[in-house]
Every structure is written in C-alpha cells, then in structure tokens.
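Peer 1: pasting a predicted model and its sequence here:
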Amino acid sequence: MALPPQLSAEERARALEIAKNSRQERAQVKGEIHRGVISLPQFLTLAEGNPVLAKMRVAELLESLPGYGKIRAQALMERFDISPTRRVQGLGRHQRAALLKEFQIPSTDPRGRLLVLSGPGGVGKSTVAKALREVPGFWVSISATTREPRFNEVPGFDYFFFTNEDFDQAVAEDQFLEWAEFAGNRYGTPRRAVEEALASGVNVLLEIEIAGAKQVREHSREAHLIFLEPPSWEELVSRLEGRGTDSPERRAARLALAQEELAAASFFDSVIINTEVSEVVEALIRLATS
Ligand code: 5GP
C-alpha cells in the first residue's frame, strides 16, 4: 500500500485549519437549514458553486431539515434510492430532481429577483458580491472564464476556469446566459444554475462587466441592472493602480477601459455609488425585496 504523503508541520497545520473552517461552514449552513432560513432547493443551488457544501453527506443535509430527524431522513433516502454515504455532489440527476420536487416551496410568487451588478473594472463589484454571499436568500452566480486563476482564487468558488476549447463548446451549446470578452479573456454566466436558483425563490446576483449586462437586458425583462459608480475618478485610479494581482500592462489597459465604461451608467435601471460596501449591500437587498 502506498504510504500517505509526508506533510511538514506547517502543511499539517494548514490542512487542519482548512478542515476546521470547512466543518464550521457546514455546521453554520446546517443551522440555517434547521431554522428554515435556507430551503433544500436553495441549498442545492448554493452547493453547486461551493465545494465545501457539495461535500456534505445527503443524510446530514436531510437530518438538518426542520421537522426531520435520522428516521425520516433515512426513509426519504430509501424512497429515492440514495445510498447512506452519498454526498450532495454525488447525487444523480433523477435523485436531485426528486429532492427538488419534494421540497419545492408552494408560493404564489416563488421566483427570486435577478440583479445584475456592473460598472467599471476596479470599482469594487467583486467586494460587494463577496459580501452579498453571506446574505441568506441570495446566491451569487459563479462565472466561467478563460483567464488564468490568480494566486488567491479557488476554482469553483471564485470562477470556473475554462480552457478556450471548453468555453467554445459551452457557447456552442448555449450554456451561457450572457458572455463577453474583457481585457483579452472571455467570461460567461452559466445559465442553468441561475435559472434553478430563481425558480426556487433565491435572489441571484450576477457580477459582470457592461457588455454582458447589456446582453442580459436583451434576453430578460425581469433583470434589474445596477451600475456601481466609484465615489470619484481619483478613487478608481488609485484602486486600479493598487491592484497587486494585475501586471502593469493590464492595469494600464483597465484604466483606459474604465474611462469608457463610466459613460455607460445611463443604460442601467439604478446607479449606486460605492462609498461603503455595507450600504451597497443594503441597497441591493432593498432592490430585491421591494
Ligand atoms: P476579473 O478578471 O477581474 O475577475 O474580472 C474582469 C471583469 O469581468 C470584471 O468586470 C467582472 O465583473 C467581469 N466578469 C466576471 N464574470 C463575468 C461574466 O460571467 N460575464 C461577464 N460579461 N463579465 C464577467
């Protein structure tokens, strides 16, 4: 038998830390499921873009549902032919569909709201999107991109990193709700996850550049388009220039583009000035719930 890899003390500590954070995240979400804050369909949508949640056992998920315990969860798994050790990411298409049907919330207006957050590069869209990920009832779409991952990005969480061939195929199969080229790379919003989230009553945020937002407008009347503006041009310049993750050429290209992008605000349904992230998040929640 192959021996397990030898880890240094530092690697061990880091692995333990990651495992601890994952357990904490799963425990928190199970609590929210138990309190009825997150429904099962909402959880399945969240798990699509979150490897930590996707690794949860189906039994654990069902047992945390309000009014469910081990026995009811087990009976349901037997009914849908789900093995006791199955994890959420291993659910088959039919099992997933059966669970969604079983837990569909009957409501007169079950659809979530589709919010599209756009604006010049560097304005802080991704920081706002990250904060909104913590808000129950919201799901932030995970885009596909052909750009190389940055050192701090997690595949399947920040982006799905596609090869050019994969991206071509996804376009040919009409898998994207919208897609656009930005600074030499392609970015697209996977359609299915967005549709599923909206249909199960979850509000969805797309954090995308301006050409993509315009495409969403062409295909969907229900979308609310929001333009995020910097407090001032100087502020935007300093944010773009301070970005340690971009090369100098990329930063210069982004500045030139940002100047053009700022002119697009009038196309949008709302303009929000990004003075404070928490205020932008509150404004987005108001837009989705009004
Ligand atoms: P970055 O490479 O800095 O992560 O993103 C570059 C730009 O692409 C940002 O303005 C971001 O909002 C945009 N973007 C990210 N995902 C998508 C997407 O799915 N579609 C479109 N059209 N733009 C996206």
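Peer 2: Yep, it's here.
Peer 1: contacts only, for the residue in the stretch 1-150 of the chain that the ligand sits nearest to.
Peer 2: Using CB to the nearest ligand atom, residue 143 is the residue of the stretch 1-150 of the chain that sits closest to the ligand, at 3.1 Å. From N, CA and C alone the C-beta is placed, and that goes for glycine too. Residues counted as contacts of residue 143 (CB atoms under 8 Å, 6 or more residues apart in numbering) are 159-160, 187-190, 207-208.
Peer 1: which elements pack onto the strand or helix carrying residue 225?
Peer 2: Per DSSP states H and E, residue 225 falls inside strand 224-229. Strand 224-229 is packed against strand 114-118, helix 210-219, strand 270-273, helix 277-289, with contacts defined by 3 or more CB pairs under 8 Å, 6 or more residues apart in numbering; DSSP states H and E.
Peer 1: at 10 Å instead, please
Peer 2: strand 114-118, helix 125-132, strand 203-207, helix 210-219, strand 270-273, helix 277-289 (3 or more CB pairs under 10 Å, 6 or more residues apart in numbering; DSSP states H and E).
Peer 1: isn't residue 65 right up against residue 32?
Peer 2: No. Using CB atoms under 10 Å, residue 65 is not in contact with residue 32, being 11.3 Å away.
Peer 1: out of the helices and strands packed on strand 224-229, flag the one nearest the ligand.
Peer 2: helix 210-219 (2.2 Å).
Peer 1: tilt between the closest one and strand 114-118?
Peer 2: Using axes from the mean of the first three to the mean of the last three CA atoms, to 10 degrees, the inter-axis angle of helix 210-219 relative to strand 114-118 is 150 degrees.
Peer 1: mean confidence for helix 210-219?
Peer 2: For helix 210-219, the mean per-residue pLDDT is 94.
Peer 1: buried sites along it?
Peer 2: 210-217 (16 or more other CB atoms under 10 Å).
Peer 1: out of those, which are close to the ligand?
Peer 2: Contacts with the ligand are made by residue 212 out of those, judged by CB under 6 Å from any ligand atom.
Peer 1: if we only consider the buried residues of helix 210-219, which is nearest to residue 282?
Peer 2: residue 213 (21.2 Å; CB to CB).
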